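K.L.:
My questions are about this predicted structure, shown below with the sequence.
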Amino acid sequence: MMSESAPKIHAQFHLTRQSKGLEPFELKVSTELPSQGVTAIFGHSGSGKTTFLRCVAGLERAQSGYLEVQGQIWQGPKQFLPTHQRPLGYVFQESSLFDHLTAMGNLKFAIKRAAAPTTTEAFERIVSLMGIESILMRYPNQLSGGERQRVAIARALLIQPRILLMDEPLASLDSARKQEILPYLAKLRSSLDIPILYVSHSVDEIAQLADHVVVLESGHMVAQGALSEVFARTDLKALSGFDTGAVWQGEVAERDAPWHLSKVACGQASLWVRDAGDPVGSAMRLRILARDVSLSRSVNDESSIVNRLPVSILEITPDQDEAMVLIRLQCAEQILLARLTKRSLDTMQLAVGQSLWAQIKSVAIVR
Ligand SMILES: Nc1ncnc2c1ncn2[C@@H]1O[C@H](COP(=O)(O)OP(=O)(O)OP(=O)(O)O)[C@@H](O)[C@H]1O
């Protein structure tokens with residue numbers, strides 16, 4: 001659990017960019033971020049995610065800014081700690097390993113730059129966390145894209161950073177390689193005690209990895225908060241679209257072995273999902289896409305749908321597709337989103353405050 005008194009990251013940047021022939025750009029962010037877990041910096045292409053990360057790293061200097069990381073001031077009205085003096089690890093889109101050094105050589109380079117001597121135990125822990133024991137003697141051109149990124153992450157951690165910055169670390173990988181590396185990133189989240197700032201424009205990746213989300217639109221911070229709170233909003237352009245959906249946190253309450261199903265309790269609401277082998281009591285994160293949720297006036301227990309939950313309508317908002325609407329629903333203490341056609345809205349005469357049944361077609365386990 002995160003301690004209330006743990007020092008946070010205070011970041012406030014105001015940067016303007018005016019390059020000849022290009023649209024002017026302004027980054028305006030003022031936020032306090034948790035000092036543990038993964039904070040995703042999310043937004044469409046060009047929204048300023050990388051610029052924000054570069055400001056944290058000191059690679060870019062906001063005209064005015066204040067940055068405090070784990071109790072240390074890195075930027076203030078009269079202070080600007082240069083990048084090489086900031087104890088941070090940076091993982092780029094494309095791995096930036098030295099081609100003339102083996103994976104081990106790359107790691108040794110980081111050990112030399114580390115703030116304090118690296119113990120054999122710490123080295124082995126990081127190598128095993130990234131699962132790179134068997135590839136240490138290979139050169140970067142003898143590694144797959146995913147393996148290169150795992151070595152790059154291990155190298156960033158061996159610097160003994162106070163914060164890990166990751167700029168779309170999966171962007172250069174194909175989807176099979178992405179799936180291969182995601183479990184390592186999830187392991188990082190649960191085993192590191194430093195914060196990770198993770199830039200991504202992939203809703204999928206963020207739903208799997210983030211604890212906290214900052215949303216940028218055209219350089220401005222338009223939302224920030226816990227993942228489930230931010231993903232339950234219907235007013236954010238960056239989050240509206242095909243992938244819109246709520247994320248629920250819960251734990252396995254029951255397993256039905258003959259039917260290969262698990263019941264996941266999220267507060268008072270529970271959902272049956274495909275059993276993934278997790279024992280009763282395991283923490284589980286579920287993603288329920290708005291397009292997989294339909295509404296009915298009665299419990300409709302003759303349908304093939306396993307999950308039917310009582311809900312009430314909180315809000316009806318237009319969708320970016322003009323044939324559709326997004327409906328925010330209260331389901332026990334959780335928020336659920338449903339994407340319906342305007343025709344259904346009209347024929348069912350739906351309105352705020354009504355009680356209905358939500359039928360959920362499929363629920364993705366994102367852990
Ligand atoms: N060196 C630069 N000079 C001028 N403009 C730049 C420079 N780098 C980025 N920009 C512009 O600043 C804005 C923010 O860019 P930034 O790279 O931070 O966005 P992003 O959200 O990370 O985008 P992406 O997801 O495409 O990487 C964009 O409009 C971009 O075109």
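P.N.:
That came through fine.
K.L.:
hey, let's count contacts and neighbours off CA atoms from now on
P.N.:
Fine.
K.L.:
Now do the contacts for the residue in the stretch 251-367 of the chain that the ligand sits nearest to.
P.N.:
At 20.8 Å from the ligand, Gln320 is the closest residue in the stretch 251-367 of the chain, using Cα to the nearest ligand atom. Taking Cα atoms under 8 Å, 6 or more residues apart in numbering, we find Gln320 in contact with 240-241.
K.L.:
domain ranges for this structure?
P.N.:
Domain assignment for the chain by automatic domain parsing gives 9-237, 245-365.
K.L.:
could I get those domains as CSV with mean pLDDT?
P.N.:
As requested, those are exported to CSV (pLDDT from 0 to 100):
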stretch, mean pLDDT
domain 9-237, 92
domain 245-365, 90
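K.L.:
which helix is the longest one in this structure?
P.N.:
Using DSSP state H to define each element, the chain has its longest helix at helix 175-191.
K.L.:
Identify the residue nearest Thr51 in space, chain neighbours excluded?
P.N.:
For Thr51, ignoring the flanking residues on the chain, the nearest one in space by Cα to Cα, 6 or more residues apart in numbering is Glu60 at 7.3 Å.
K.L.:
what about that neighbour, how many neighbours?
P.N.:
Number of residues near Glu60 (other Cα atoms under 10 Å) recorded here: 15.
K.L.:
would you say it is within a helix?
P.N.:
No. Going by DSSP: H, G, I helix; E, B strand; the rest coil, the assignment for Glu60 is coil, not a helix.
K.L.:
any idea how far it is from Thr119?
P.N.:
For Glu60, the distance to Thr119 equals 33 Å [Cα to Cα, to the nearest Å].
K.L.:
which residues does Trp357 bridge with?
P.N.:
Ser296, Pro310 (DSSP bridges).
K.L.:
Show me where the chain has its helices.
P.N.:
49-57, 103-113, 120-129, 145-158, 175-191, 203-209, 227-231, 342-347.
K.L.:
Does anything pack onto the shortest one? Which helices or strands?
P.N.:
Secondary-structure packing of helix 227-231 (3 or more Cα pairs under 8 Å, 6 or more residues apart in numbering; DSSP states H and E): strand 212-217, strand 245-256.
K.L.:
Enumerate every residue touching the closest residue to Gly353 other than its chain neighbours.
P.N.:
In this structure, Gly353 finds its nearest non-sequential neighbour in Ile313, 5.1 Å apart by Cα to Cα, 6+ apart. Neighbouring residues of Ile313 by Cα under 8 Å, 6+ apart: 327-330, 351-356.
K.L.:
Buried ones among those?
P.N.:
Among these, those classed as buried by neighbour count (16 or more other Cα atoms under 10 Å) are 327-330, 355-356.
K.L.:
Quick one: residues contacting the nearest residue to Leu289 once chain neighbours are set aside.
P.N.:
Ranked by Cα to Cα, 6+ apart and with sequence neighbours excluded, the top spatial neighbour of Leu289 is Gly245, at 3.9 Å. Gly245 makes contact with 231-232, 287-291, 336-338 under the criterion Cα under 8 Å, 6+ apart.
K.L.:
Now, the residues you listed that are in strands?
P.N.:
Under the assignment DSSP state E, the contacts of Gly245 contribute 287-289, 336-338 to strands.
K.L.:
Kindly give a single PyMOL line that selects the buried subset of these.
P.N.:
Only the buried entries of the ones in strands among the contacts of Gly245 go into this PyMOL selection, using 16+ other Cα under 10 Å:
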select buried, resi 287+288+289+336+337+338
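K.L.:
Could you identify the pair within the ones in strands among the contacts of Gly245 that is furthest apart?
P.N.:
Arg287 and Ala338 (12.6 Å; Cα to Cα).
K.L.:
Dump the ones in strands among the contacts of Gly245 into TSV; add distance to the ligand as well.
P.N.:
Below are the ones in strands among the contacts of Gly245 laid out as TSV (distance: Cα to the nearest ligand atom, whole Å):
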residue	distance to the ligand
Arg287	23
Ile288	25
Leu289	23
Leu336	28
Leu337	26
Ala338	28
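K.L.:
any chance of the ones in strands among the contacts of Gly245 in CSV, plus distance to Glu205?
P.N.:
Converted to CSV, the ones in strands among the contacts of Gly245 look like this (distance: Cα to Cα, whole Å):
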residue, distance to Glu205
Arg287, 12
Ile288, 15
Leu289, 14
Leu336, 20
Leu337, 19
Ala338, 21
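K.L.:
and stretch 358-367, which residues are buried?
P.N.:
So, applying 16+ other Cα under 10 Å, buried residues of stretch 358-367: 358-363, 365-367.
K.L.:
same question, stretch 183-200
P.N.:
185, 188-189, 194-200.
K.L.:
For the residue of the stretch 101-250 of the chain found nearest the ligand, what are phi and psi?
P.N.:
Residue of the stretch 101-250 of the chain nearest the ligand, by Cα to the nearest ligand atom: His201 (6.2 Å). Dihedral angles of His201 (phi, psi; degrees, to the nearest 10) stand at phi -110, psi 10.
K.L.:
How about the contacts made by it?
P.N.:
Contacts for His201 (Cα under 8 Å, 6+ apart) come out as 42-45, 168.
K.L.:
hmm, 10 Å instead?
P.N.:
When contacts are counted by Cα atoms under 10 Å, 6 or more residues apart in numbering, His201 touches 40-45, 47, 49, 168, 171, 215, 238-239.
K.L.:
Including distance to the ligand and neighbour count, could those residues go into JSON lines?
P.N.:
Output for the contacts of His201, formatted as JSON lines (distance: Cα to the nearest ligand atom, whole Å; neighbours: other Cα atoms under 10 Å):
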{"residue": "Ala40", "distance to the ligand": "12", "neighbour count": "28"}
{"residue": "Ile41", "distance to the ligand": "9", "neighbour count": "27"}
{"residue": "Phe42", "distance to the ligand": "8", "neighbour count": "26"}
{"residue": "Gly43", "distance to the ligand": "6", "neighbour count": "27"}
{"residue": "His44", "distance to the ligand": "6", "neighbour count": "17"}
{"residue": "Ser45", "distance to the ligand": "4", "neighbour count": "13"}
{"residue": "Ser47", "distance to the ligand": "4", "neighbour count": "22"}
{"residue": "Lys49", "distance to the ligand": "4", "neighbour count": "28"}
{"residue": "Glu168", "distance to the ligand": "8", "neighbour count": "20"}
{"residue": "Ala171", "distance to the ligand": "10", "neighbour count": "15"}
{"residue": "Val215", "distance to the ligand": "10", "neighbour count": "24"}
{"residue": "Ala238", "distance to the ligand": "11", "neighbour count": "19"}
{"residue": "Leu239", "distance to the ligand": "14", "neighbour count": "21"}
